[in-house]
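Visitor: got a sequence here, can you model it:
(chains A, B, C and D)
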Protein chains: 2
Amino acid sequence: MKSFDVQESVISAAVELFALHGFGSTSVQQVVEAAGVTKGAMYHYFRSKDDLLFAIYEQLLTLQSEHLRAIIASDLSTADKLRAACIDVIETSVDSLQELTVFFQSAHLLSEDRRKDVTQRRRAYNDEFASLIESGRREGIYRSDIPRAVLIAHFFSDVHYLSTWFSPDGPEDKTLVAEQLTDLFIRSIAV
Amino acid sequence: MKSFDVQESVISAAVELFALHGFGSTSVQQVVEAAGVTKGAMYHYFRSKDDLLFAIYEQLLTLQSEHLRAIIASDLSTADKLRAACIDVIETSVDSLQELTVFFQSAHLLSEDRRKDVTQRRRAYNDEFASLIESGRREGIYRSDIPRAVLIAHFFSDVHYLSTWFSPDGPEDKTLVAEQLTDLFIRSIAV
DNA sequence: AAATGCAAACCGACTGTTCGGTATGGTGAG
DNA sequence: CTCACCATACCGAACAGTCGGTTTGCATTT
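Guide: So this is what the prediction gives:
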């Protein structure tokens, strides 16, 4: 019979403010005011401002990692797996546009330990993604004349950049854009 | 016989610190200490912390705009112009990696007026770039089944993302990466 | 009685910015 | 050549306000 979830309210307010003004330029005071709670309440659930930032990352990272693992474990062909993975990460990113913005803007502001944790999980995600491309190369469907790292960066740049230009209220449709960007990517890496 | 340029020193320190810790998390005190000047000296040349951020943008925007205009005014074919424009913006961005980082991380923290100025100049740049693609479409060399806005975003995402993954000390070579990313882009938009 | 959940008051450190004042170097008059 | 004059360059202390974080204490639940 909880009528008001403090944690959720704080995180939600933090995501919005961090995305809008940046982590460093947003004060804890602003966050708790927007969340409709007091500092005492916030510090009861979060150890620090840093902790708040980390919580945002964890949500998104966990979600996307689970999706990717499910796709890789499926019985699709390599080509279809890669396509599905691309479309999924774009769509889930659009669904969490603000979190994405915070993620890419403020990841480096995390404390040493937390940043290592995030970096490692990101790398794990990237490696799983890269394994798809590697499989495709062995099957002879993707080009090998460009370093894998460049290909990966080329794709994730699109995901990253979504938070800059894509707007849910804009003229572009989420599903359509996901297909278009995926098509552009796969066309450019096909042999 | 000026042995020490305060403005240059301040901007240089600001670029480095803003890129490292973010605009909002860097204090004026830190900047002037790194620059080896006093706050008084800094505020003699810059009206505000905001002004400092703006100065960084202006440098990069002006440089890249001039380059693009020169390329468009050249007598190359449309295809070669687009290729040259892509390679140039990637290479100049790599040359100004830290400025690029600051640019994309903190553009939204500018004051209203300043942000409008920056946005307008960025749009002008984008429009000139887009005109190249439009020309190519009329010549029938680039596909028309994907919105121009998506194509533009697709390319600039690579430029944007450079600041995240590219390192001058890393295994990748600037010129090579510029060619590879340009190749990926042009291959994906060719009919 | 003990533990949880939270509000309110509070802490010292630090914020961006201002400002009174000094040092420096060039210009024009005598 | 000299000296008054003045703009520009720069200094560093001080400002009012805000920062992230802590402490205290009181309800409510267990």
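Visitor: what separation is there between residue A:26 and DNA strand C?
Guide: Going from residue A:26 to DNA strand C by CB to the nearest atom of the strand, to the nearest Å gives 13 Å. Just so you know, the C-beta spots here come from the backbone N, C-alpha and C atoms, and that holds for glycine as well.
Visitor: which strand or helix spans that residue?
Guide: Residue A:26 is part of no helix or strand when elements are defined by DSSP states H and E.
Visitor: contacts only, for it.
Guide: A:14, A:17-18, A:20, B:24 (CB atoms under 8 Å, 6 or more residues apart in numbering or on different chains).
Visitor: pull the distance from the strand or helix carrying residue A:32 to the chain's centre.
Guide: Assigned by DSSP H and E, residue A:32 belongs to helix A:28-35. Centroid separation for helix A:28-35 versus its chain: 24 Å, with CA atoms, centre = their mean, to the nearest Å.
Visitor: OK, now which residue of chain A is nearest to DNA strand C?
Guide: residue A:40 (2.3 Å; CB to the nearest atom of the strand).
Visitor: neighbours of the residue lying closest to residue A:140 once chain neighbours are set aside, how many?
Guide: What sits nearest to residue A:140 in space, not counting adjacent residues and going by CB to CB, 6 or more residues apart in numbering or on different chains, is residue A:191, at 6.8 Å. Residues within reach of residue A:191, counting by other CB atoms under 10 Å in any protein chain shown, total 10.
Visitor: which bits of chain A sit near DNA strand D?
Guide: Residues of chain A lying near DNA strand D by CB under 7 Å from any atom of the strand: A:26-30, A:39-40, A:43, A:48-50.
Visitor: if any of those are buried, put those into a ChimeraX selection.
Guide: Selecting only the buried entries of those in ChimeraX, with 16 or more other CB atoms under 10 Å in any protein chain shown as the criterion:
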select /A:26,28,49,50
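Visitor: state the distance from the residue of chain A closest to DNA strand C to chain B.
Guide: Taking CB to the nearest CB, to the nearest Å as the measure, residue A:40 falls 25 Å from chain B.
Visitor: quick one on the thing from earlier: ok, and the most crowded of the contacts of residue A:26?
Guide: When neighbours are counted by other CB under 10 Å, residue A:14 leads these with 27 neighbours.
Visitor: near chain B at all, the top helix by length along chain A?
Guide: The residue-count maximum for a helix in chain A (DSSP state H) belongs to helix A:112-138. No - Helix A:112-138 lies apart from chain B when judged by CB under 8 Å from any CB of the partner chain; the minimum separation is 10.1 Å.
Visitor: tell me which residues in the helix or strand following that helix are buried?
Guide: Proceeding N to C from helix A:112-138, the next assigned helix or strand is helix A:148-165, under DSSP H and E. Neighbour-count burial for helix A:148-165, counted by 16+ other CB under 10 Å, picks out A:149-165.
Visitor: and helix A:148-165, what does it pack against?
Guide: Other elements packing on helix A:148-165 under the criterion 3 or more CB pairs under 8 Å, 6 or more residues apart in numbering or on different chains; DSSP states H and E are helix A:78-95, helix A:97-106, helix A:112-138, helix A:174-189, helix B:148-165, helix B:174-189.
Visitor: please identify which of the ones you listed is closest to residue A:8.
Guide: With CB to CB as the measure, helix A:97-106 is the member of the helices and strands packed on helix A:148-165 nearest residue A:8 (13.6 Å).
Visitor: outside of the closest one, which residues touch it?
Guide: Residues outside helix A:97-106 that contact it (CB under 8 Å, 6+ apart) are A:15-16, A:18-19, A:22-24, A:53, A:56-57, A:59-60, A:93, A:159-160, A:162-163, A:166, A:168, B:22, B:105, B:164.
Visitor: at 6 Å instead, please
Guide: With contacts defined as CB atoms under 6 Å, 6 or more residues apart in numbering or on different chains, helix A:97-106 is touched by A:15, A:18-19, A:23, A:56, A:60, A:93, A:160, A:163, B:105.
Visitor: domain parsing for chain A?
Guide: Listed by automatic domain parsing, the domain ranges of chain A are A:1-46, A:48-189.
Visitor: and the gap between residue A:99 and DNA strand D?
Guide: Residue A:99 is 19 Å from DNA strand D, by CB to the nearest atom of the strand.
Visitor: and for residue A:141?
Guide: The gap separating residue A:141 from DNA strand D is 49 Å, by CB to the nearest atom of the strand.
Visitor: what is the burial count for that residue?
Guide: Counted with other CB under 10 Å, the neighbours of residue A:141 add up to 17.
Visitor: and it, what pLDDT?
Guide: On pLDDT, residue A:141 comes in at 96.
Visitor: burial of residue A:84, as a residue count?
Guide: 19.
Visitor: so it touches residue A:71, yeah?
Guide: Yes - the criterion here is CB atoms under 6 Å, and residue A:84 meets it with residue A:71 at 5.0 Å.
Visitor: model confidence over stretch A:147-164, on average?
Guide: Mean pLDDT, computed over stretch A:147-164, is 94.
Visitor: from the chain's centre, how far out does it sit?
Guide: Computed by CA atoms, centre = their mean, the separation of stretch A:147-164 from the middle of its chain amounts to 12 Å.
Visitor: what does it contact?
Guide: A:89, A:93, A:97, A:100-101, A:104, A:130, A:181, A:185, A:189, B:157-158, B:160-161, B:165, B:180, B:184.
Visitor: close to DNA strand C: what parts of chain A are there?
Guide: So chain A meets DNA strand C at A:4, A:6, A:37-41, A:44-45 (CB under 7 Å from any atom of the strand).
Visitor: ok, of those residues, which come out buried?
Guide: Buried among the residues of chain A next to DNA strand C by 16+ other CB under 10 Å: A:6, A:37, A:41.
Visitor: measure the first one to residue A:21 for me?
Guide: What that stands for is residue A:6. From residue A:6 across to residue A:21, the span is 22 Å (CB to CB, to the nearest Å).
Visitor: ditto for the last one
Guide: In this view, residue A:41 and residue A:21 are 22 Å apart by CB to CB.
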